[in-house]
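Participant: sequence first, then the predicted structure, then my questions.
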Amino acid sequence: MAKYHISATTSAAAASAAFCTIRAGASSRVRIREIGFSNNAATASSVALLRATNAFVATTSALGQAYDTGDPASIANLDTAWSTAPTVTIANSMRRWALPATIGAGVIWQFDDLVAGPAGTAGLVLWNFGAATASALNVYVVWEE
């Protein structure tokens, strides 16, 4: 398996809204190994990792980059804007973290076998589960495909 990575700065997510989504190409799957994020502003931020409950449609995406330039192009994207935004069931959170109102406060989540598939219920979402608008986040993702 080849290893890939991507980083981006999200928008400041409103309460109960997505920061970003992680998805593979159509009929594909990727194995997420690490997700890291930190506050870009001195604003408390509540971040949950969930699966989408709808077929979201991304309008702003960044394609993953291979660690080894000899590997094929990535099939996975990090999305930061949508024409159809993702929806989630917050009770189904895989992980949650509350960041203090400190620039640079962050966390790294590591996984053995978390799979992301195409947009829809196989896509992953970083979600603001807080009651107020959060900071923009600096996010990175590492995966294998």
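Facilitator: That came in fine, so what should we check first? Numbers count the residues shown, from 1 in each chain.
Participant: just checking, residue 106 touches residue 35?
Facilitator: No: with contact defined as Cβ atoms under 8 Å, residue 106 and residue 35 do not form a contacting pair (10.7 Å). In this view, the C-beta of every residue, glycine as well, is placed from N, C-alpha and C.
Participant: these two - which one has more neighbours?
Facilitator: Neighbours per residue (other Cβ atoms under 10 Å) separate residue 106 from residue 35, with residue 35 holding more: 24 against 19.
Participant: what strand or helix carries the closest residue in space to the more buried one that isn't next to it in sequence?
Facilitator: Counting by Cβ to Cβ, 6 or more residues apart in numbering, residue 109 is the residue found nearest to residue 35 once chain neighbours are left out, at 4.8 Å. Following DSSP states H and E, one finds residue 109 within strand 106-116.
Participant: helix or strand next in line after that strand, which one?
Facilitator: strand 124-128.
Participant: which residues touch that next one?
Facilitator: 10, 13-23, 32, 35, 37, 45-52, 86, 88, 90, 93, 114, 116, 134, 137, 139 (Cβ atoms under 8 Å, 6 or more residues apart in numbering).
Participant: just the buried residues of the residues you listed.
Facilitator: 10, 13, 17-23, 32, 35, 37, 45-52, 86, 88, 114, 116, 134, 137, 139 (16 or more other Cβ atoms under 10 Å).
Participant: average model confidence for stretch 73-90?
Facilitator: Per-region confidence: stretch 73-90 scores 97 on mean pLDDT.
Participant: quick one: end-to-end distance for that stretch.
Facilitator: Terminal residues of stretch 73-90 lie 33 Å apart, using Cα to Cα, to the nearest Å.
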